[in-house]
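Visitor: When you get a sec, could you give me coordinates for this:
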Amino acid sequence: MARWFVHAARFACIVAAGAVVAAGVTVIRAGSAQAQRLAVAPSRTYVLPHFVEKAGRTANTQYTFDSILVATYVGGQNGVPSAATAKVEVTLYDANGSLIKSSSNQDVCNPCSVDLGGTHPRKTTIHFEDQMVAKGGMPATVVLGYAVIVVRGDTSTVALTAFEVNSHTSPFDTSVAVLPLTEVPIK
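Guide: Residues are numbered from 1 along each chain as shown. Next comes the predicted model:
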């Protein structure tokens, strides 16, 4: 007996072949490209428990901080299986748990998304300061916060690394710390 998806608005279920469905309801064959697009993509959630950001790049500004997230998709390379693509979504919160706001009071990264693999780059670097500037400017003070990162799609082949770079007297006088990312088991 064939299995079919029935999709109406945001509701989907599986019905047996030949079942009668209401008028206006779309029936989609299981395993079809359309059914795959409708399927809920698996996800993995990570927390970056602390970051510091201050205006200016460590490459050209003294006494500043840069918070950086690097995401790399390796599906389909060197014998690693691939489901074609993944998406990384980053949401930035301040130390009090509120969304970080830019200097023009816009939400920053609620979430910021980047696609990896397929026709998209396999590797990307997300500079938190760039996200704040794109949403209206860096806040006037040092930003202390945390990030929630959700990886969707081909989740098992995405590697994440977070860095905190602190410049001192010059761009050649820096400290670099690899920041811990903790996977949160969400069921």
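Visitor: show me where pLDDT drops low in the protein?
Guide: 1-41, 81-83, 187 (pLDDT under 70).
Visitor: What segments of it are strands?
Guide: According to DSSP state E, the chain carries its strands in the segments 3-8, 11-16, 26-29, 43-53, 65-73, 86-94, 112-116, 123-127, 143-153, 158-167, 174-179, 182-184.
Visitor: With mean neighbour count and distance to Q106 added, can I get those strands in JSON lines?
Guide: Bear in mind the C-beta positions are built from the backbone N, C-alpha and C, glycine included. As requested, the strands of the chain are arranged in JSON lines below (neighbours: other C-beta atoms under 10 Å; distance: least, C-beta to C-beta, whole Å):
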{"stretch": "strand 3-8", "mean neighbour count": "16", "distance to Q106": "35"}
{"stretch": "strand 11-16", "mean neighbour count": "11", "distance to Q106": "34"}
{"stretch": "strand 26-29", "mean neighbour count": "14", "distance to Q106": "37"}
{"stretch": "strand 43-53", "mean neighbour count": "17", "distance to Q106": "16"}
{"stretch": "strand 65-73", "mean neighbour count": "22", "distance to Q106": "18"}
{"stretch": "strand 86-94", "mean neighbour count": "21", "distance to Q106": "12"}
{"stretch": "strand 112-116", "mean neighbour count": "17", "distance to Q106": "12"}
{"stretch": "strand 123-127", "mean neighbour count": "15", "distance to Q106": "17"}
{"stretch": "strand 143-153", "mean neighbour count": "21", "distance to Q106": "14"}
{"stretch": "strand 158-167", "mean neighbour count": "18", "distance to Q106": "23"}
{"stretch": "strand 174-179", "mean neighbour count": "12", "distance to Q106": "25"}
{"stretch": "strand 182-184", "mean neighbour count": "11", "distance to Q106": "27"}
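Visitor: out of the ones you listed, which comes closest to S103?
Guide: Among the strands of the chain, strand 143-153 comes nearest to S103, with 10.7 Å by C-beta to C-beta.
Visitor: Neighbouring strands of that closest one in the sheet, and parallel or not?
Guide: Partner strands and pairing direction for strand 143-153 (DSSP bridges) are strand 43-53 (antiparallel), strand 86-94 (antiparallel).
Visitor: Could I get those in a markdown table, plus columns for distance to S102?
Guide: A markdown table is the format used below for those (distance: least, C-beta to C-beta, whole Å):
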| stretch | distance to S102 |
| --- | --- |
| strand 43-53 | 12 |
| strand 86-94 | 10 |
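Visitor: Which of those strands sits closest to N60?
Guide: strand 43-53 (15.8 Å).
Visitor: what separates that closest one from the chain centre, distance-wise?
Guide: Taking the mean of its C-alpha atoms, strand 43-53 sits 10 Å from the chain's own mean (C-alpha atoms, centre = their mean, to the nearest Å).
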